[in-house]
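> When you get a sec, could you give me coordinates for this:
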Amino acid sequence: MPPQIATVLFAVGIAGLFWLDRDDSVRVSKALWLPVIWLSINGSRSVSAWLGMGAPAEIPGQLPATSLLDQVVAGALILLGAIILIRRRRDVRGLLKASWPIALYYSFCLFSLLWSDFPGWGFKRWVRGLGDLVMVLIVATDAQPTTALKSLLSRVGFVLLPASVLLIKYYPELGQSWDPWGSVQMFNGVATNKNMLGNLVFVFALGALWQGLSLVRDRKDPNRSRRLLAQCTLLVFGIMLLFTAHSATSGACFVFGAGLMLATSLPRIRRRPAAVHALVLAILLSGCLIELLGGRAAITGAMGRNADLTGRTAIWEIVIPTVPSWIGGAGFETFWVGPRVAKIFAMVGGFGMTNESHNGYIETYLNLGWLGLALIALILGHGYRKAVSTFRRDSALGALLMAYVVTAVAYNISEAGFRILSVEWFFLLLSVVAASRATSVSKSARSTHFSLGQATWQSESLSPLEMTGQQR
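Down below sits the predicted model:
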């Protein structure tokens, strides 16, 4: 099939997915398009790359160059988002207070630039990273935040996942690439490499599964059949791309997150949240036992990796001793800039990776030291605890938030996901903020009535997140 005809057919198909998934009974704020655009860019490629302008070449030992167009686009989105949040400042203050580990983490990231060799560069990255939090807060402060989350997952997923299939199959010069040695073909779709594609796909595939399961249970939804068809189609695209991308980490995280959501949908577990802790603990203990008993080679081999995680452990052995300070690291997002990178590049040799350690925990240590690692652990612990608390009140939403938090723990073992502009990081933040809001509202609204202007709502009639939106 000629690429032009395939493009038209895919465009019609994407429009069809939006038509099938429409729900005229609910409305979300137009401001939601800001997170949609933000996530669509960060989950794929920069605006300058899509326009064929190319990215400035990175030279080891020098500060990375950035496109002026990309800076303007990011700055405009952040500025517009900030204006929206100023108008919602009452809700924003409450959310930041409820999600205090995230606020503390961002504050420490800014403070860490005091000992950085490149504070100016680090500050620019911090402002860019603040955009993730701004967009998360826009979703969480929507009048109907659960519906906003569903819309975000659908709007971005309906475009990027089918587009990835289109580029891989019909535009190989865009959707495919080769490893640094030119010996292994890789499929990256709309992303810049296969690992980014895998990260994008597993996150949105979990979202499609969550929406599908919710629709299966909700027999009163008049649009149930066509919306279920749209989400199942998106899920099929996701599973197909996970096989195509051969991203072992993302594939394993999808299986883990999907298994967690499916298990928690069972009535016995849904009525006993303690069983969720047992399930998660059993999986984590199994992984530890496999490592202690020497089973890494068999497991990583089954995932398509070598026992050294395809060269990753060699990088870890090189970069860890080079960190300037074990307490505070090199400073936020400044470890991989400057002369240090040229030295690491020479030591790493043929592996050719010069801007990340391929491990979220080590990456955090390099930039923020043990203090940064402690704050990441605090975010994960706080998010998991709040997600479980949400699960007790809204099992469907709580299951998704738990899946995102728990898969973040697993994903960062062999990929650096605790980084700004990462899809994994965005949804970790969103899960923590959403879970914190849901639980804080439930505590204040337990067994009470809400007076909303001319109307009064009972707390039992709405989910925790929706109740907050109605109050505002």
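> how far away is the residue lying closest to Phe158 once chain neighbours are set aside from Thr141?
Nearest residue to Phe158, sequence neighbours excluded (C-beta to C-beta, 6 or more residues apart in numbering): Leu17, at 4.5 Å. The way it works is simple: take the backbone N, C-alpha and C, and place the C-beta from them, glycine included. Computed as C-beta to C-beta, to the nearest Å, the Leu17 to Thr141 distance reads 27 Å.
> higher neighbour count, those two?
Using other C-beta atoms under 10 Å as the criterion, Leu17 and Thr141 rank with Thr141 on top: 26 against 21.
> and the longest helix for this protein?
In the chain, with assignment by DSSP state H, the single longest helix is helix 360-393.
> So which bits of that helix are buried?
360-369, 371-373, 375-376, 379-380, 382-384, 386-391, 393 (16 or more other C-beta atoms under 10 Å).
> other SSEs contacting it?
helix 100-111, helix 274-292, helix 312-319, helix 395-411, helix 423-445 (3 or more C-beta pairs under 8 Å, 6 or more residues apart in numbering; DSSP states H and E).
> just to revisit the earlier point, starting from whichever strand or helix holds the residue nearest to Phe158, tell me the next helix or strand along the chain.
Applying DSSP states H and E as the criterion places Leu17 in helix 3-21. Per DSSP H and E, helix 3-21 leads on to helix 33-42 as the next helix or strand towards the C-terminus.
> And the residue most central in space within the chain, how far from Phe243?
Nearest to the mean C-alpha position of the chain, by C-alpha atoms, centre = their mean, lies Glu424 at 2.4 Å. Relative to Phe243, Glu424 is positioned 20 Å away (C-beta to C-beta).
> Check Tyr361 too.
Tyr361 is 28 Å from Phe243, by C-beta to C-beta.
> same deal with Val276?
29 Å.
> what about these two, which has more around it?
Val276 (24 against 10).
> Isn't that one up against Phe391?
Yes: at 6.6 Å, Val276 and Phe391 qualify as touching, with contact defined as C-beta atoms under 8 Å.
> Find residues that contact each of the two.
264, 402 (C-beta atoms under 8 Å, 6 or more residues apart in numbering).
> how many degrees apart are the longest helix of the chain and helix 423-445 in direction?
Using axes from the mean of the first three to the mean of the last three C-alpha atoms, to 10 degrees, the inter-axis angle of helix 360-393 relative to helix 423-445 is 30 degrees.
> Look up how far Val433 lies from the nearest residue to Ala435 once chain neighbours are set aside.
Nearest residue to Ala435, sequence neighbours excluded (C-beta to C-beta, 6+ apart): Lys386, at 3.6 Å. Separation of Lys386 from Val433 (C-beta to C-beta): 9 Å.
> Which residue, other than its chain neighbours, is closest to Leu153?
Nearest to Leu153 is Gly207, by C-beta to C-beta, 6+ apart, at 3.6 Å.
> One more: Lys343?
Counting by C-beta to C-beta, 6+ apart, the residue nearest Lys343 is Thr322, at 7.5 Å.
> I figured that neighbour hits Ile344, correct?
Yes: in this structure Thr322 lies within contact range of Ile344 using C-beta under 8 Å: 6.6 Å.
> Could you check which of these two has the larger neighbour count?
Ile344 (20 against 13).
> Just say helix, strand or coil for that one.
At Ile344 the chain is in helix, as set by DSSP: H, G, I helix; E, B strand; the rest coil.
> for the longest helix of the chain, the distance to its chain's centre please.
Remark: helix 360-393 is offset 14 Å from the chain centroid, using C-alpha atoms, centre = their mean, to the nearest Å.
> these two touch, right, Phe319 and Val341?
That one is not Phe; residue 319 is Val. No: in this structure Val319 lies outside contact range of Val341 using C-beta under 8 Å: 10.2 Å.
> Dump the helix or strand in which Phe204 is found to PDB, keeping only the CA atoms.
Here Phe204, judged by DSSP H and E, is contained in helix 194-217. Extracted in PDB, the C-alpha atoms of helix 194-217 (Å, rounded to 0.1, in the frame of the first residue of the first chain):
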ATOM      1  CA  LYS A 194      12.800   2.000  21.000                       C
ATOM      2  CA  ASN A 195      13.100   2.500  24.800                       C
ATOM      3  CA  MET A 196      11.200   5.800  24.600                       C
ATOM      4  CA  LEU A 197       8.600   4.100  22.500                       C
ATOM      5  CA  GLY A 198       8.300   1.200  24.900                       C
ATOM      6  CA  ASN A 199       7.900   3.700  27.800                       C
ATOM      7  CA  LEU A 200       5.100   5.600  26.000                       C
ATOM      8  CA  VAL A 201       3.300   2.400  24.900                       C
ATOM      9  CA  PHE A 202       3.200   0.600  28.200                       C
ATOM     10  CA  VAL A 203       1.900   3.600  30.100                       C
ATOM     11  CA  PHE A 204      -0.900   4.200  27.600                       C
ATOM     12  CA  ALA A 205      -1.700   0.500  27.200                       C
ATOM     13  CA  LEU A 206      -2.200   0.300  31.000                       C
ATOM     14  CA  GLY A 207      -4.600   3.300  30.700                       C
ATOM     15  CA  ALA A 208      -6.500   1.600  27.900                       C
ATOM     16  CA  LEU A 209      -6.800  -1.500  30.000                       C
ATOM     17  CA  TRP A 210      -8.100   0.500  32.900                       C
ATOM     18  CA  GLN A 211     -10.700   2.200  30.900                       C
ATOM     19  CA  GLY A 212     -11.700  -1.100  29.300                       C
ATOM     20  CA  LEU A 213     -12.200  -2.800  32.600                       C
ATOM     21  CA  SER A 214     -14.200   0.200  33.900                       C
ATOM     22  CA  LEU A 215     -16.500   0.000  30.900                       C
ATOM     23  CA  VAL A 216     -17.000  -3.700  31.300                       C
ATOM     24  CA  ARG A 217     -18.200  -3.100  34.900                       C
END
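> Rounded mean pLDDT for the helix or strand following it, please.
The C-terminal neighbour of helix 194-217 among helices and strands, as given by DSSP H and E, is helix 224-245. Across helix 224-245, the average pLDDT comes to 93.
> Helix 194-217 and the following helix or strand past helix 224-245, what's the angle between them?
Counting by DSSP H and E, the next helix or strand C-terminal to helix 224-245 is helix 248-264. For helix 248-264 against helix 194-217, the angle by the same axes, to 10 degrees is 10 degrees.
> got the contact list for helix 248-264?
Taking C-beta under 8 Å, 6+ apart as the rule, helix 248-264 contacts 195, 198-199, 201-202, 205-206, 209-210, 213, 238-239, 242-243, 269-270, 276, 279-280, 283, 300, 303-305, 391, 395, 398-400, 402-404, 406-407, 410-411, 413-415.
> Centre of the chain to the helix or strand just after it, how far?
Downstream of helix 248-264, the next assigned helix or strand under DSSP H and E is helix 267-270. Put simply, helix 267-270 sits 27 Å off its chain's centre (C-alpha atoms, centre = their mean).
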